[in-house]
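Novice: Curious how this folds, go ahead:
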Amino acid sequence: MPAAEDSYGVNKVVDNICRLSPDLLTEACQHILIYLQGQTRGVDSAEISDIFQRAGVRLDHESLQTMIRFLLLTFRSAGKSSLSGDDLVSRLEEGNHKWPKASLQVLHRLWSEHGASVHAQQEVQAALSIGQLVDMQWKLGMAVSSDTCRSLNSPYVSLMLKIVEPSGQIRHRSFEMTIPQFQNFHKQFKEMAAVLETV
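Specialist: Prediction:
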C-alpha cells in the first residue's frame, strides 16, 4: 500500500509539473538550484507561487510545496550520486512514464549546467557539517579521592552534552571542569548568545 501511495504522490507531482511551460519549470528549478549551490539561504515558495500565478498557473499551497520538495529531493539525490543529465532523465522516466519530453529536456539542460556545482556544494557542506547541541546537563561535585589529583576537597562541575551528529545519530559527551573553567565557559556562552541575538 505505501508504494502505491508513493506512486500516486509522484504521479500527482508529475501531473502538476506537466502544467508548467518549459520557461516556468526553468524558473522554478533555477530557484532551487541556486539554493542548492549555496547562493541563497532557502527556496522562496511565495516568490515561485507569484511567478506561477502571473503566468496563469494556479496551484494550491500544498501542491506547490510538494512540487518544490520533489525537485529539491531529485536534485539533491542527483548531486549525491554525481549523476549526469542523461542519468537524471533516465531515473525520472523509470519512476514515472508520464513525463513530458519538454520537461525532461529542461531538467536535463539545467542539471548539465548546474549539477557539478550542486555536487561540489554538497561535498563542502558534508565536510563542514557539525553536530547540533540538543541537551546540556550539569552538576556540581566535590573531589574526595583521586590517584592523580593533589588538591582534594575541591569543587568541580560535570557537564553532559547530548549532540545530534549530521548523520542523525545521537552522541553523549561528558567532561569535568574546575569552577574557574566553568565560569569562563559560562561567560563565553553568554557572549555567543548575545552575538546570535544580533544575527
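
Novice: When you work out contacts or count neighbours from here on, use the C-alpha atoms and nothing else.
Specialist: Fine.

Novice: pLDDT value on Ser7, please?
Specialist: At Ser7, the predicted lDDT confidence score is 58.

Novice: buried ones in the longest helix along the chain?
Specialist: Secondary structure of the chain per DSSP state H: the longest helix is helix 101-128. Neighbour-count burial for helix 101-128, counted by 16 or more other Cα atoms under 10 Å, picks out 103-104, 106-108, 110-111, 114-122.

Novice: packing partners for it?
Specialist: Counting contacts by 3 or more Cα pairs under 8 Å, 6 or more residues apart in numbering; DSSP states H and E, helix 101-128 packs against helix 22-36, helix 61-80, helix 85-95.

Novice: how about those, which one is nearest Gln188?
Specialist: The stretch from the helices and strands packed on helix 101-128 with the least distance to Gln188 (Cα to Cα) is helix 22-36; that distance is 32.5 Å.

Novice: could you say what helices and strands that closest one packs with?
Specialist: Packing partners of helix 22-36 (3+ Cα pairs under 8 Å, 6+ apart): helix 45-54, helix 61-80, helix 101-128.

Novice: Just the angle for it relative to helix 61-80, thanks.
Specialist: Put simply, helix 22-36 runs at 60 degrees to helix 61-80, going by axes from the mean of the first three to the mean of the last three Cα atoms, to 10 degrees.

Novice: Quick one: mean pLDDT for helix 22-36?
Specialist: Helix 22-36 comes out at a mean pLDDT of 95.

Novice: List of residues touching it?
Specialist: Here helix 22-36 makes contact (Cα atoms under 8 Å, 6 or more residues apart in numbering) with 17, 40-44, 48, 51-52, 68, 71-72, 75-76, 102-103, 106-107, 110, 114, 118, 121-122.

Novice: can you do 6 Å?
Specialist: 42-43, 118 (Cα atoms under 6 Å, 6 or more residues apart in numbering).

Novice: Can you list the buried residues in it?
Specialist: Those would be 22, 24-26, 28-36, for helix 22-36 by 16+ other Cα under 10 Å.

Novice: Go through these and name the one nearest Val164.
Specialist: For those, with Val164 as the reference and Cα to Cα as the criterion, the closest is Leu36, at 22.7 Å.

Novice: which stretches of the protein have low pLDDT?
Specialist: 1-8, 129, 145-152, 166-168, 199 (pLDDT under 70).

Novice: Repeat the analysis, applying 90 as the threshold.
Specialist: For the chain, the stretches with pLDDT under 90 are 1-11, 38-43, 45, 95-98, 121-136, 138, 140-159, 161-183, 185-186, 188-199.
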